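> Whatever this is, show me its structure:
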Amino acid sequence: MNPLAVGVDIGGTKIDLVLLDTSGTVHAEHRLPTLAAEGPAAVLDRVADGITRLLQDAPGPVSGIGIGCPGHVDPVSGVVRTAVNLGWTEVALRQEVLNRLLVDLPIACDNDVNAAALGEYYFGAARGLGDLVYLAVGTGLGAGALVNGHIVVGAGASAMEVGHLSFDPGGRLCRCGGHGCAEMYVAGVGLIAGAKEHRPDYPDTILPAEAAPSDILAAARAGDALACTVMNEAAVTLGQIMACCASLFDPAALVIGGGLGLAAADLLIDPAQEAMRQRVLPDVADSVRVVRSGLERIALGAACLAFEAQRETNPCG
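Take a look at the predicted model:
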């Protein structure tokens, strides 16, 4: 039987767990509410309970556990330094989960976007392409990169913070305190900010005063001038980020994912690719594939963290 691993995606609203084998077959799955307001200990109790349930359903030995978590996650120590949407600071994720389990299994932890990037390599739109960049367009903008099949971590486990790369230091104020950060133009917070900023120029817009990203997408598809301006701005910013990634990493694929990235793929991918093409050498633009994410859920990528850790520990096994 193919090796098995448990993958855990700790999200802001739900904890998604899968029991996966190396062929990509899901043998069991489970979902639990995160309820982050109850504190880290309660969330970790639920994570351990979900893992225990899947281990009980396993048709064979499980080789390890992979956990993807938002925020700044140190994959070496297994500590979550900060996870804003969970309200976590300095949570020893790996050790706390291990303390709650009745079995001693290796646990690999990483940022959820890095887990998703690895999942694209194993089972998604960039399957088998060891050099890739995954861009997660959601409420914010995150990214993960693989070079030769290995996640790019960085000296402080902070690599690929592209959402806070600024192309306009005099631009919109970001939640981080900086100005002009990319996610203030291309992510959910950016679309909302753009609609408010440009509204005075478009008095006939069909957008409501407090437009959500979904309203902006629908209005852009209906040809609303304000919504189209916001989406064009988003596509150009995404293209600038893609140009940086393409020039720095020379990836075989740029994968566009995240909830908003998938929902707005028809409005973003083609114009962003054109914006990228205008900013890089022709050979670079021609060599990289820009594709929509093929990963069904981040929990699959989290399981791949365990497979990857096992491969690195025993490269001949």
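> where does the chain have low pLDDT?
Low-confidence segments of the chain (pLDDT under 70): 313-317.
> Can you give me every residue that contacts Leu305?
Residues in contact with Leu305 (C-beta atoms under 8 Å, 6 or more residues apart in numbering) are 7, 66-68, 108-110, 115, 118. Just so you know, the C-beta spots here come from the backbone N, C-alpha and C atoms, and that holds for glycine as well.
> In which helix or strand does it reside?
Element membership for Leu305 (DSSP states H and E) is helix 298-313.
> Likewise for Leu226?
Using DSSP H and E, Leu226 sits within helix 225-249.
> buried sites along that helix?
Buried residues in helix 225-249, defined by neighbour count with 16 or more other C-beta atoms under 10 Å: 226-246, 249.
> And stretch 135-148, by the same measure?
Counting neighbours by 16+ other C-beta under 10 Å, one finds that the buried residues in stretch 135-148 are 135-146.
> Kindly report the same for stretch 23-37.
Quick answer for stretch 23-37 (16+ other C-beta under 10 Å): 24, 27-30, 32, 34, 36.
> got it, and stretch 205-220?
By neighbour count on 16+ other C-beta under 10 Å, the buried set for stretch 205-220 is 205, 207, 211, 213, 215-217, 219-220.
> ok, back up a step: between all of the buried residues of stretch 135-148, which two are at the greatest distance?
Largest separation among these by C-beta to C-beta: Thr139 and Leu146, giving 23.8 Å.
> can you give me the helices in this structure?
Shown for the chain, the helices assigned by DSSP state H span residues 40-57, 93-100, 112-123, 183-186, 188-198, 213-221, 225-249, 259-263, 265-277, 282-287, 298-313.
> And these: which comes nearest Leu20?
helix 298-313 (4.1 Å).
> now the angle between helix 112-123 and the closest one, please.
80 degrees (axes from the mean of the first three to the mean of the last three C-alpha atoms, to 10 degrees).
> Send me helix 298-313 as PDB with only the CA atoms.
C-alpha atoms of helix 298-313 as PDB (Å, rounded to 0.1, in the frame of the first residue of the first chain):
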ATOM      1  CA  ILE A 298      -4.900  23.000   1.300                       C
ATOM      2  CA  ALA A 299      -5.100  20.000   3.600                       C
ATOM      3  CA  LEU A 300      -3.800  17.900   0.700                       C
ATOM      4  CA  GLY A 301      -0.700  20.100   0.500                       C
ATOM      5  CA  ALA A 302      -0.300  19.800   4.300                       C
ATOM      6  CA  ALA A 303      -0.100  16.000   3.900                       C
ATOM      7  CA  CYS A 304       2.600  16.600   1.400                       C
ATOM      8  CA  LEU A 305       4.600  18.300   4.000                       C
ATOM      9  CA  ALA A 306       4.800  15.000   5.800                       C
ATOM     10  CA  PHE A 307       5.600  13.100   2.600                       C
ATOM     11  CA  GLU A 308       8.400  15.600   1.800                       C
ATOM     12  CA  ALA A 309       9.800  15.400   5.300                       C
ATOM     13  CA  GLN A 310       9.900  11.600   5.000                       C
ATOM     14  CA  ARG A 311      11.600  11.800   1.600                       C
ATOM     15  CA  GLU A 312      14.300  14.100   3.000                       C
ATOM     16  CA  THR A 313      14.800  11.900   6.000                       C
END
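> mind checking how far it is from the chain centre?
How far helix 298-313 lies from its chain's middle: 15 Å, per C-alpha atoms, centre = their mean, to the nearest Å.
> Enumerate the positions of it that are buried.
Along helix 298-313, these residues count as buried under the neighbour rule (16+ other C-beta under 10 Å): 298-310.
> Then stretch 165-173?
By 16+ other C-beta under 10 Å, the buried positions in stretch 165-173 come out as 165-166, 171-172.
> In TSV, list these along with distance to Gly194.
Shown next, in TSV, are the buried residues of stretch 165-173 (distance: C-beta to C-beta, whole Å):
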residue	distance to Gly194
Leu165	17
Ser166	16
Gly171	11
Arg172	8
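> Which one of the residues you listed is nearest to Leu54?
Leu165 (37.7 Å).
> mind checking how far that closest one is from Pro251?
Distance, Leu165 to Pro251, by C-beta to C-beta, to the nearest Å: 17 Å.
> Could you do His150 as well?
Per C-beta to C-beta, His150 is found 13 Å from Pro251.
> Please say which of the two ends up with more neighbours.
Neighbour tally, His150 and Pro251, criterion other C-beta atoms under 10 Å: the higher count belongs to Pro251, 24 against 14.
> how far away is the more buried one from Pro75?
21 Å.
> How about the contacts made by the closest residue to Asp74 other than its chain neighbours?
Closest residue in space to Asp74, ignoring its immediate chain neighbours: Ala157 at 4.6 Å, by C-beta to C-beta, 6 or more residues apart in numbering. Neighbour list for Ala157: 72-76, 81, 111 [criterion: C-beta under 8 Å, 6+ apart].
> In a markdown table: those, plus neighbour count and distance to Gly50.
Output for those, formatted as a markdown table (neighbours: other C-beta atoms under 10 Å; distance: C-beta to C-beta, whole Å):
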| residue | neighbour count | distance to Gly50 |
| --- | --- | --- |
| His72 | 18 | 23 |
| Val73 | 29 | 19 |
| Asp74 | 18 | 23 |
| Pro75 | 17 | 21 |
| Val76 | 9 | 24 |
| Arg81 | 16 | 23 |
| Asn111 | 28 | 20 |
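> Having no further points to raise, I will conclude here.
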